[in-house]
Structures are given as C-alpha cells and as structure tokens.
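got a structure for you, letters missing:
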C-alpha cells in the first residue's frame, strides 16, 4: 500500500530480503496501515541510508521496519540516525542461519534501541508496528483485536477437531494437507 502518507517504512538491505519482508507488508495491508517498501543498503548506499533515516519523520513515517542479513547494520544505523521506533528483522543466511544478524540487532549499545523479532519474523514486525500505531488509533486497535480473536478461534476449532476425531485421525489429516 504505497502512499504519500505512509506511516510505516519497510526497508531492507537487498532485494533478496524481499520474500521475507513481504510478510510485514501483507500484515499492514490486511490491517489497512499505509506503508512504503524500499531498499536502503547500509554498506552500498550509505548516503541514501543517512538521507532516508534523517528525513523519515519529516515525511510522516511513525515506525521503521528494517530487515537485514549478514552483518545486519541497517536497523542499528537507522536507529542511530532517527528517533523513530525501529523494528529489526534478522534475515536467515546460509553461513550462520541468521544468528549473526540476530546478535547484531539485539546487542545494540545503550541509547540506540532496536526492537528485534525472530529470524525471518517480518510478520511479527508488521504486527508490532501496527500495535505501536494503535496506541493512538482506536480503529486500528479494533482491527488488531479482530486478528487476535481470529487466531483464538482458529486454535479453538483445532481443539474441537482433535476432541472429535482423536489425535490419530487429526494427525493423518495434517499429513494429507502437506
């Protein structure tokens, strides 16, 4: 939902991160939160990183979701250049399975906070961004409550099926779906 009035900016260091970061976009679309998606490489385009970070708040952005793999400097650098909340999404990598990215994000020095979700956890990053915005937006809070209720209903429906079918039949039905 690209908009000149975007509230959330979803950024990533490379287009190879887009399949993961698209999950945040999907959540925000479902919740009708205006967002933008772009590439901002901390290492290959440092001038863009500085300009993006320093102008985001003036452009109306309220939350930044930053996905990065490998050295994963993007979320921390954005957080060091902006007072906006930054949510880091560590991207799974071949060499270290994303642990390097996770450690890079969760071990920020005092004064440079980066809220960090699980490796490839862009869906939760989208939900967290929406929850931050919902503090001052009751309509969005109501939409989030519907999502939460839908999750509860889904679990309770599964409980009912297991109770009715027994675990063996239910397990068989799960293996048939895959």
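It's in. Note that this is a predicted model, so its numbers are computed, not measured. Residues are numbered from 1 along each chain as shown.

Moving C-terminal from the longest helix along the chain, which element do we reach first?
When the chain is parsed with DSSP state H, its longest helix is helix 138-165. For helix 138-165, the following helix or strand on the C-terminal side (DSSP states H and E) is helix 167-177.

Which element, helix or strand, includes the residue nearest the centre of the chain?
Geometric centre of the chain, nearest residue: residue 125, 2.4 Å, by C-alpha atoms, centre = their mean. Assessed by DSSP H and E, residue 125 sits inside helix 122-134.

So for that helix, mean pLDDT?
Helix 122-134 comes out with an average pLDDT of 98.

distance between stretch 123-139 and the chain's centre?
Offset of stretch 123-139 from its chain centre (C-alpha atoms, centre = their mean, to the nearest Å): 11 Å.

What residues sit buried inside it?
Buried residues in stretch 123-139, counted by 16 or more other C-beta atoms under 10 Å: 123-130, 132-134, 137. The C-beta positions use only the backbone N, C-alpha and C, and glycine is treated the same way.

Turn those into a markdown table, including distance to residue 168.
Listed next are the buried residues of stretch 123-139 as a markdown table, based on distance: C-beta to C-beta, whole Å:
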| residue | distance to residue 168 |
| --- | --- |
| 123 | 31 |
| 124 | 33 |
| 125 | 37 |
| 126 | 36 |
| 127 | 34 |
| 128 | 38 |
| 129 | 41 |
| 130 | 39 |
| 132 | 44 |
| 133 | 44 |
| 134 | 42 |
| 137 | 46 |
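
Surely residue 161 touches residue 171?
No - taking contacts as C-beta atoms under 8 Å, residue 161 lies outside contact range of residue 171: 10.9 Å.

hmm, back to that, ok, the buried residues of stretch 123-139 vs residue 87, which is closest?
Using C-beta to C-beta, residue 125 comes nearest to residue 87 of the buried residues of stretch 123-139, at 4.6 Å.

Below-threshold pLDDT in the chain: ranges please.
Applying pLDDT under 70 to the chain flags residues 1-4, 178.

Could you chop it up by domain?
Per the record, the chain has its domains at 8-136, 139-177, by automatic domain parsing.

which one of those is the most hemmed in?
Among those, domain 8-136 has the highest mean neighbour count (mean count of other C-beta atoms under 10 Å), at a mean of 19.

State the phi and psi torsions of the closest residue to residue 106 other than its chain neighbours.
Nearest residue to residue 106, sequence neighbours excluded (C-beta to C-beta, 6 or more residues apart in numbering): residue 116, at 5.0 Å. When read as degrees, to the nearest 10, the backbone of residue 116 gives phi -130, psi 130.
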